[in-house]
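Engineer: A structural model of the following input is requested.
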Amino acid sequence: MIMSNAKQLEHIIEIQVNNFEDIDNKVMTVIKKSVSKTLSSESVDLLCVVSVLLTDDNEIRNFNRKYRGIDKATDVLSFPMQDFDHPGWGGRGDIEIDKDSGELPLGDIIISLQTVERQAIEYGHSLEQEIIYMTIHSVLHLLGYDHYDEKSENDMRNRTEGIILELGLVDD
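Structural biologist: Numbers count the residues shown, from 1 in each chain. Predicted coordinates for the structure are as follows:
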């Protein structure tokens, strides 16, 4: 079946916000669209659940220290719940679909809005563009992509930027 004729899956994207009083609905919409478009671009054909936590530098620093042993804030952390033999949906190993719901828990993403805002300014992007980039990057991590050496880092960057262009998620 050609992907363009395939039914668009309505993936479950759960977003939680910590340590921020007022988050623009546009941010939530951009994140949901970025997750969905990335899964679609990667030809994911199962109903997936992705959880996203939007937080500040202090909280992401705590997660980074606890789970990676790195005592500093970062822009984003990804916690895949499935095993991939190689990057991309075609590289999935043994996946564990929830027997009751039929959903595939793909993983968790944590984004520090403080760091992402600083990076947007540093790179001359809008906040929306930087959130799109970080979200796609994170979903790719959930799908087995990584950047453990220069080649894999370039591959992941190229895939992220390719999805952005392919899906028209930003203007430039």
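Engineer: what about the nearest residue to Glu42 once chain neighbours are set aside, distance to Asn18?
Structural biologist: Counting by CB to CB, 6 or more residues apart in numbering, Trp89 is the residue found nearest to Glu42 once chain neighbours are left out, at 4.7 Å. For the C-beta atoms, the positions are set from N, CA and C on the backbone; glycine is no exception. Per CB to CB, to the nearest Å, Trp89 is found 30 Å from Asn18.
Engineer: ok, now Leu169?
Structural biologist: When CB to CB is applied, the distance between Leu169 and Asn18 equals 25 Å.
Engineer: and those two? which has more neighbours close in?
Structural biologist: A count of neighbours by other CB atoms under 10 Å puts Leu169 above the other of Leu169 and Asn18, at 19 against 13.
Engineer: residues contacting that one?
Structural biologist: The neighbours of Leu169, taking CB atoms under 8 Å, 6 or more residues apart in numbering as the test, are 33-34, 37, 132, 136, 163.
Engineer: low-confidence stretches in this protein?
Structural biologist: Counting by pLDDT under 70, the chain contains low-confidence ranges at 1-8, 170-172.
Engineer: what ranges do the strands span in it?
Structural biologist: If DSSP state E is used as the criterion, the strands of the chain fall at 12-17, 48-55, 76-80, 104-112.
Engineer: okay, those strands in a markdown table with distance to Asp155 and mean neighbour count next?
Structural biologist: Written out in a markdown table, the entries for the strands of the chain read as follows (distance: least, CB to CB, whole Å; neighbours: other CB atoms under 10 Å):
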| stretch | distance to Asp155 | mean neighbour count |
| --- | --- | --- |
| strand 12-17 | 25 | 15 |
| strand 48-55 | 22 | 21 |
| strand 76-80 | 16 | 19 |
| strand 104-112 | 20 | 23 |
